[in-house]
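S.K.: model this:
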Amino acid sequence: MQCLRSTPYNLKDHFRQRIRRRVAKDRTITLDGRLYEAPVVLIGLQVELLYHTDDPDQVEIKYQQKSYGLVRPVNLHVNCRVKRDKNRNAEIHLNPDPSKYRGGRLL
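M.R.: Take a look at the predicted model:
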């Protein structure tokens, strides 16, 4: 019996599990209790994760059938020391001419 064609080099990738997750505002995704970093362009979008249960470090992220590569696990020791902007980059516009102050009138 002859083999008609050889197996593809990425045969194992055809048997990965698929799961959908939404990327949080801080670029993170949770999968099986582990935290991963996602690309910035995917914030707020529902993405598809492809992974093997026996290899949690190889998780591929896809959005609309386009692959964005492998996501990296978040280093929790580094992440807990990152300073966050509590104001969330709120811009404060100061009135340059105080003589135009109208006393808080609505109209």
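
S.K.: ranges for the strands of the chain?
M.R.: Along the chain, counting by DSSP state E, strands occupy 17-22, 28-31, 34-37, 46-52, 55-63, 66-73.

S.K.: now those as JSON lines including mean pLDDT, distance to residue 80 and mean neighbour count?
M.R.: The way it works is simple: take the backbone N, C-alpha and C, and place the C-beta from them, glycine included. Below are the strands of the chain laid out as JSON lines (pLDDT from 0 to 100; distance: least, CB to CB, whole Å; neighbours: other CB atoms under 10 Å):
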{"stretch": "strand 17-22", "mean pLDDT": "91", "distance to residue 80": "22", "mean neighbour count": "12"}
{"stretch": "strand 28-31", "mean pLDDT": "89", "distance to residue 80": "13", "mean neighbour count": "16"}
{"stretch": "strand 34-37", "mean pLDDT": "90", "distance to residue 80": "11", "mean neighbour count": "17"}
{"stretch": "strand 46-52", "mean pLDDT": "92", "distance to residue 80": "24", "mean neighbour count": "16"}
{"stretch": "strand 55-63", "mean pLDDT": "88", "distance to residue 80": "21", "mean neighbour count": "16"}
{"stretch": "strand 66-73", "mean pLDDT": "90", "distance to residue 80": "14", "mean neighbour count": "13"}
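
S.K.: can you list these in a markdown table and add distance to residue 6?
M.R.: A markdown table is the format used below for those (distance: least, CB to CB, whole Å):
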| stretch | distance to residue 6 |
| --- | --- |
| strand 17-22 | 25 |
| strand 28-31 | 33 |
| strand 34-37 | 34 |
| strand 46-52 | 22 |
| strand 55-63 | 23 |
| strand 66-73 | 24 |
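
S.K.: for residue 81, which of those strands is the nearest?
M.R.: Minimum separation from residue 81 across those (CB to CB) falls at strand 34-37, 15.1 Å.

S.K.: sorry, back to before: for residue 4, find the nearest of the strands of the chain.
M.R.: strand 46-52 (27.3 Å).

S.K.: per-residue pLDDT, residue 3?
M.R.: pLDDT, residue 3: 64.
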